[in-house]
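>>> my questions concern the predicted model and sequence given below.
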Amino acid sequence: MVSPKDGPKKPTQRFWESYSALYGNGSVKKRSLHTGSRIKEKARLERHEQIDFVKWCKAKGLRVAANMNEGRRSKRNGASLQAAGLSAGHPDVQIYAKRKGSGSLFIEMKRTKGSVISDEQREWVAWLNANGYTAHFAYGAEDAKRLTEQYLALPVS
């Protein structure tokens, strides 16, 4: 037991490494504080990948917008958002940069591991590609950056 004069104990470096492995932005293997066993490598959340990608786009001076389709909502709130135009499966990020044969680039962000593509997402990407836009699935921020650089290398229309 800690005496009052000692004050509260500060978390150790080992604690923060384990905490970061479980909840932070890193995707690293660490040992659990409680059991000493290895913690399974955890892929970053799609949201974290998207944040990194959007920061990169802004640093490059690109005009970028995001569709906030993810997250849990009440039925009432969901119905209200759908009435206002929110559509299931719409890609997460749009980059406004017209290139030859395409009005703009749409990217559906996915985690690097454990991603699932819904039928609605497949339909949106297919429809966008068939109607004069460019749309892709990107597995992590690095993949999204690569796809964006390829798109930007196309001739301007």
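Received, thanks.
>>> next structured bit after the helix or strand bottoming out on mean pLDDT in the chain?
Least confident helix or strand, the chain: helix 13-23 with a mean of 64, by mean pLDDT, DSSP states H and E. Using DSSP states H and E, the next helix or strand after helix 13-23 towards the C-terminus is helix 46-59.
>>> that next one packs against which elements?
Using 3 or more Cβ pairs under 8 Å, 6 or more residues apart in numbering; DSSP states H and E, the elements in contact with helix 46-59 are strand 64-66, strand 93-95, strand 105-110, helix 141-152. Heads up, the C-betas are built off the backbone N, CA and C, glycines and all.
>>> now do that helix and strand 105-110, the angle between them.
Helix 46-59 and strand 105-110 are oriented at 150 degrees to each other (axes from the mean of the first three to the mean of the last three Cα atoms, to 10 degrees).
>>> chain center to helix 46-59: distance?
Put simply, helix 46-59 sits 7 Å off its chain's centre (Cα atoms, centre = their mean, to the nearest Å).
>>> contact partners of that helix?
Here helix 46-59 makes contact (Cβ atoms under 8 Å, 6 or more residues apart in numbering) with 25, 64, 66, 70, 92-93, 95, 107, 109-112, 115, 138, 140-141, 144-145, 148.
>>> and the helices and strands packed on helix 46-59: which comes nearest residue 75?
Closest approach to residue 75 among the helices and strands packed on helix 46-59 is made by strand 64-66 (23.8 Å; Cβ to Cβ).
>>> for that closest one, which positions count as buried?
Residues of strand 64-66 classed as buried: residue 64 (neighbour count, 16 or more other Cβ atoms under 10 Å).
>>> with stretch 57-65 instead?
57, 64.
>>> please apply the same query to stretch 86-104.
Neighbour-count burial for stretch 86-104, counted by 16+ other Cβ under 10 Å, picks out 89-95, 97, 99, 102-104.
>>> can you check the distance spanned by it, start to finish?
By Cα to Cα, to the nearest Å, the extent of stretch 86-104 from end to end equals 19 Å.
>>> now that stretch: how far from the chain's centre is it?
Here stretch 86-104 is found 16 Å from its chain centre; the criterion is Cα atoms, centre = their mean.
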